[in-house]
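[1] mind folding the following:
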Amino acid sequence: AMSDPTDTGLNSTSDIRTVVVVGVIAVVAIDLLFELFRYLVPGIYELRRYIASLDVRDFNGNPIPAPEVTSKWPLMWLKAVYKLHERDLRETEDLDTIMFLVSLKFGAIIFSVLTFLLLTILAPIYATGSNKNLPYNNPQYVQGIDIISLSNLPQDDPRIYATVAFDFVTAFVVAFALSMGYKKYAQYRARYFASANPANYAVLLEKIPIEFDSVKEIATLFEMIWPKTLAEVHMVYYTPEVDKEKKEYDKCVKERDYIEYQLSQEADQSLARKAFDLKRKEIYHVRQVELKKREEQYTTGNAFIVFKDKITASTAVQTQLWFRNREFQIQNAPEPSGINWAGMSTNHAVAPLLRVFVALFLFLMLTLWAFIITFTQGLANIRQLSTVSGFQWTSFLLDLPSAMITFIELFAPALLLMLINALIPIIMRALVSIQRLVSLNQIDRRTRNYSFAFYVMTSFFFVTVSGSIITQIQFILDGGDFFTLVAQTVPTQAKFMMTFIASQAAITFPLLLIQLPRILYRPFTRIICGHKTPRQRYNLNKFMSMFPYYKFYALASCHALIALVYSTMAPLICAFITVYMILAYFCMKYCLVFCYFHPSSGGGSHFRGFFQHMYIALYIKTGTMIALFTITTQYVPAFLELLLLPCLIASNVFIWYRYDRVARHGSVAYTVLEKQDEEFPERYKNMYESPGLRSFPYRSGAPFEPRSDMLHQREIGFESESSFDDSEYT
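    Numbers count the residues shown, from 1 in each chain. Below you'll find the predicted structure:
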């Protein structure tokens, strides 16, 4: 027997109101903590200003811009963020930051328009449906917020064509916005490729044949093809022993830093002796490095070619260099501080085996996540599940207080899904890092793609299918048509999706704003190793100071996909995703401008993936609607939805054709006409030298200076400990 569904957890409008109220309370509570910590620990929330105080320079020798300090009064940070316009950010931020904020802004605009259209036109049409008047034990019965969803329309209702019409409207709105976004992206990329950046003068040459595996042979070849344009050739060497000696040297320097700090506080002969011994060890390791440089010279089959002008470098990337496609593969060089030197040392023959291992591991992860998500959907429908034959044993949970039951059904599944999803980017990053990728930006982009695909499979497909099955499990066990029952219930899963999106918006972004991991890390390091020396204070403040674009691009794309798929089935979800995008925009903007510092830039290339993920969302939405209409024998609406697919594909191809080449390679005309092709900066010539062959960056008398292989783009150094005062940041 089925119980009255008005008694079930997520089947009432009051539950959605509860989600909204609790979400607002969570945002306010976390913001209060943020206001407190922003006052107590400015080293985290004003990291860019702290970095600028250390005389940080970019690869052109210019100081790193630091934003003005925001007022310490509550909520004044919102005013500061609001006043930061895109034209201002172009002068101070890299293209990765700008394009990420553009992505969120376009997401907010798209869903604001859809919210207005769907809630004012389509939702009232759904509200006039008749399924709300059916007996409660009918599998098509709906109530609560499901009244303004597709589930309220009978199968033969002509109002279903309104859904089809708004699917076309939704596709047009999204495609038009994406076209404008990609046009802006191409313009920014043309400006980026024309800028004074070492990456625009260099290319990476991979899979070099053995007969050309030397600087002389490669230089001769490139001089023949592009005469008098070659500035330098840097072979990439595998130098594990040199790297080991340099690590030992760094360890000695850090130890001596702390001992010299202790000596400055209290004279001690034993400490002075220890400092002297460490200095001798440093000299020993320097000599070992110079010795092993001459002994250990193993090439990796890769080389960086630095040209004297940007146009030649761009031409080389777009040229088929060799008559065998698998040899002399050429691509744009990453920025010097964004090179993945460890990945370049991986053997080409091992790369396919690593990809097979990653694929098998991902399959096992998907299997595990399927069980976890089925469990979360069981929790979300616990009252209904407890009445099903074979699952009555779960009825003991109904003896709990009503508030606890509401929490189990309403918040526990979404919070559990959010927690396990937080592990996905970490796992994906580890899997991607073992593959042969030449830049940190490539690692980030592949991590983003893996995370997005995994989120779509788990947070969308698994949740939708398992939730629909559990909702109709009694009717399925009684002999009902499985596919029809599941298809009829898919729109009702929007309630769980709204709760999930609201939880992400109310917790994930405010917690990012508060920088909780960095807050918790500070007392731990104070107890374990302290932060007395300038080096220790620098390492403390820069902990987790690089923004994980791959994680938040994947999250935003996945939640946008969920909202797009359900937009015309349950229009209310558009309001939730609009608030999500707006909240994400303001929180991320503050963090990116004030709290994070990136030694290198990917040139905004993440936006290209975001664009394609949004089109994938449109394809999945259209495919889902075709499947639902086909399963429920509504063939005419299904055919009309099928007509939308070629329109989407055509618009996608048109945008690629019109803007993508400029986005990938820039514009020679822009470089020349804007007089951006300056004289070749000589300092770029040696920025692509292998780390194992570089000289030590530490100057005599300087108390602190980070390693050069981390700071070819951002160079830090100061002559004496008294030349700066960072006490206010600690």
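
[2] please count neighbours and contacts with C-alpha atoms only from this point.
    Noted.

[3] now for whatever helix or strand Ala638 lives in, which elements pack on it?
    Element membership of Ala638 [criterion: DSSP states H and E] is helix 635-655. Under the contact criterion of 3 or more CA pairs under 8 Å, 6 or more residues apart in numbering; DSSP states H and E, helix 635-655 touches helix 160-193, helix 606-631.

[4] so which of these comes closest to Leu40?
    Leu40 lies closest to helix 606-631 among these, at 34.2 Å (CA to CA).

[5] list the residues that contact Tyr192.
    Residues near Tyr192 by CA atoms under 8 Å, 6 or more residues apart in numbering: Leu95, Gly603, Gly666.

[6] ok, the first one - contacts?
    I take that to be Leu95. Taking CA under 8 Å, 6+ apart as the test, what Leu95 contacts is Tyr188, Tyr192, Ser601, Gly602, Gly603, Gly604.

[7] change it to 10 Å
    Neighbour list for Leu95: 89, 101, 185, 188-189, 191-192, 601-607 [criterion: CA atoms under 10 Å, 6 or more residues apart in numbering].

[8] quick one: buried ones out of these?
    Buried members of the contacts of Leu95, counted by 16 or more other CA atoms under 10 Å: 101, 185, 188-189, 191-192, 601-607.

[9] and the two most separated of those residues?
    Going by CA to CA, the pair spanning those furthest: Leu101 and Arg191, at 17.8 Å.

[10] in PDB, list the C-alpha atoms belonging to whichever helix or strand comes after the helix holding Ala638.
    Using DSSP H and E, the helix or strand that follows helix 635-655 in sequence is helix 661-665. Coordinates of the C-alpha atoms in helix 661-665 are reproduced here as PDB (Å, rounded to 0.1, in the frame of the first residue of the first chain):
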ATOM      1  CA  ARG A 661      41.300  30.200 -35.100                       C
ATOM      2  CA  VAL A 662      41.800  33.600 -33.700                       C
ATOM      3  CA  ALA A 663      41.200  32.300 -30.100                       C
ATOM      4  CA  ARG A 664      43.900  29.600 -30.600                       C
ATOM      5  CA  HIS A 665      46.600  31.500 -32.500                       C
END
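
[11] following helix 661-665, which helix or strand shows up next?
    helix 668-673.

[12] so how far does stretch 79-90 reach from one end to the other?
    19 Å (CA to CA, to the nearest Å).

[13] correction: the previous question concerned stretch 65-77.
    Note: stretch 65-77 ends 19 Å apart using CA to CA.

[14] just for the stretch 451-600 of the chain, where's the confidence low?
    Residue ranges of the stretch 451-600 of the chain with pLDDT under 70: 527-530.

[15] for the chain, same thing?
    Checking the chain against pLDDT under 70 turns up 1-12, 69, 296, 527-530, 674-678, 696-730.

[16] center of it, which residue is that?
    Geometric centre of the chain, nearest residue: Tyr550, 2.2 Å, by CA atoms, centre = their mean.

[17] ok, it - contacts?
    425, 428-429, 441, 443-452, 606.

[18] re earlier: export the buried ones among the contacts of Leu95 to TSV and append columns for distance to Met418.
    Converted to TSV, these look like this (distance: CA to CA, whole Å):
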residue	distance to Met418
Leu101	23
Tyr185	31
Tyr188	34
Arg189	34
Arg191	38
Tyr192	36
Ser601	29
Gly602	28
Gly603	30
Gly604	27
Ser605	27
His606	23
Phe607	24
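
[19] contacting residues for Ala108?
    Here Ala108 is in contact with Val102, Leu114, Ile577, Thr578, Val579, Tyr580, Met581, Ile582, Leu583, Ala584, Tyr585 (CA under 10 Å, 6+ apart).

[20] what does Val24 give?
    Contacts of Val24 (CA under 10 Å, 6+ apart): Thr18, Ala502, Ala505, Ala506.

[21] can I assume the first one is in contact with Leu410?
    Pointing back at Thr18 there. Yes - taking contacts as CA atoms under 10 Å, Thr18 lies within contact range of Leu410: 8.9 Å.

[22] neighbour-wise, which of those two wins?
    More crowded of Thr18 and Leu410, by other CA atoms under 10 Å: Leu410, with 24 against 15.

[23] does Met687 touch Gly338 like I think?
    No - using CA under 10 Å, Met687 is not in contact with Gly338; the gap is 11.5 Å.

[24] next, Ser695: secondary structure please.
    In three-state terms, and counting by DSSP: H, G, I helix; E, B strand; the rest coil, Ser695 is coil.

[25] burial check on it, number of neighbours?
    Ser695 has 11 nearby residues by other CA under 10 Å.

[26] touching, it and Val242? I think so.
    No - judged on CA under 10 Å, Ser695 makes no contact with Val242 at a distance of 11.5 Å.

[27] list residues touching both of those two?
    With CA under 10 Å, 6+ apart as the test, Ser695 and Val242 both reach Val286, Val289, Glu290.

[28] please pick the buried ones from these.
    Val286, Val289, Glu290.

[29] dump those residues into JSON lines; add secondary structure and distance to Tyr635 as well.
    Below are those laid out as JSON lines (DSSP: H, G, I helix; E, B strand; the rest coil; distance: CA to CA, whole Å):
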{"residue": "Val286", "secondary structure": "helix", "distance to Tyr635": "76"}
{"residue": "Val289", "secondary structure": "helix", "distance to Tyr635": "73"}
{"residue": "Glu290", "secondary structure": "helix", "distance to Tyr635": "75"}
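
[30] rewinding a little: now the angle from the helix holding Ala638 to helix 606-631?
    The directions of helix 635-655 and helix 606-631 differ by 160 degrees, with axes from the mean of the first three to the mean of the last three CA atoms, to 10 degrees as the criterion.

[31] angle of helix 635-655 against helix 160-193?
    Going by the same axes, to 10 degrees, helix 635-655 makes 10 degrees with helix 160-193.

[32] just the buried residues of helix 635-655, please?
    Pro637, Ala638, Glu641, Leu644, Leu648, Ser651, Asn652, Ile655.

[33] same thing with stretch 53-71?
    Here stretch 53-71 shows 53-59, 63-67, 70 as buried, counting by 16+ other CA under 10 Å.

[34] from those, which ones fall inside helices?
    Judged by DSSP state H, the buried residues of stretch 53-71 include Ser53 as members of helices.

[35] quick check: buried residues in stretch 117-125?
    Applying 16+ other CA under 10 Å to stretch 117-125 flags Leu117, Leu118, Leu119, Leu122, Ala123, Ile125 as buried.

[36] now do that stretch: everything it contacts.
    Residues contacting stretch 117-125 (CA under 10 Å, 6+ apart): 111, 114-116, 147-150, 152-153, 159-160, 162-163, 165-166, 169-170, 567-575.

[37] need the contact list for the nearest residue to Ile631 once chain neighbours are set aside.
    Excluding its sequence neighbours, the residue lying closest to Ile631 (CA to CA, 6 or more residues apart in numbering) is Thr484, at 5.9 Å. By CA under 10 Å, 6+ apart, the contact set of Thr484 is Ile476, Leu628, Phe629, Thr630, Ile631, Thr632, Thr633.

[38] and those residues, which of them are buried?
    Burial of the contacts of Thr484 was assessed by neighbour count (16+ other CA under 10 Å); the buried members are Ile476, Leu628, Phe629, Thr630, Ile631, Thr632.

[39] dump these to TSV, plus distance to Tyr298.
    Below are the buried ones among the contacts of Thr484 laid out as TSV (distance: CA to CA, whole Å):
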residue	distance to Tyr298
Ile476	65
Leu628	59
Phe629	61
Thr630	61
Ile631	61
Thr632	64
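
[40] closest one of those to Lys621?
    Taking CA to CA as the measure, Leu628 is the one of these closest to Lys621, at 10.6 Å.

[41] my read: the closest one touches Gln634, true?
    Yes - under the criterion of CA under 10 Å, Leu628 makes contact with Gln634 at 8.4 Å.

[42] shared neighbours of these two, which are they?
    Between them, Leu628 and Gln634 share no contacting residue, judged by CA under 10 Å, 6+ apart.

[43] Pro139 and Phe475 touch, don't they?
    Yes - look at Pro139 against Phe475 with CA under 10 Å: they come within range, at 7.3 Å.
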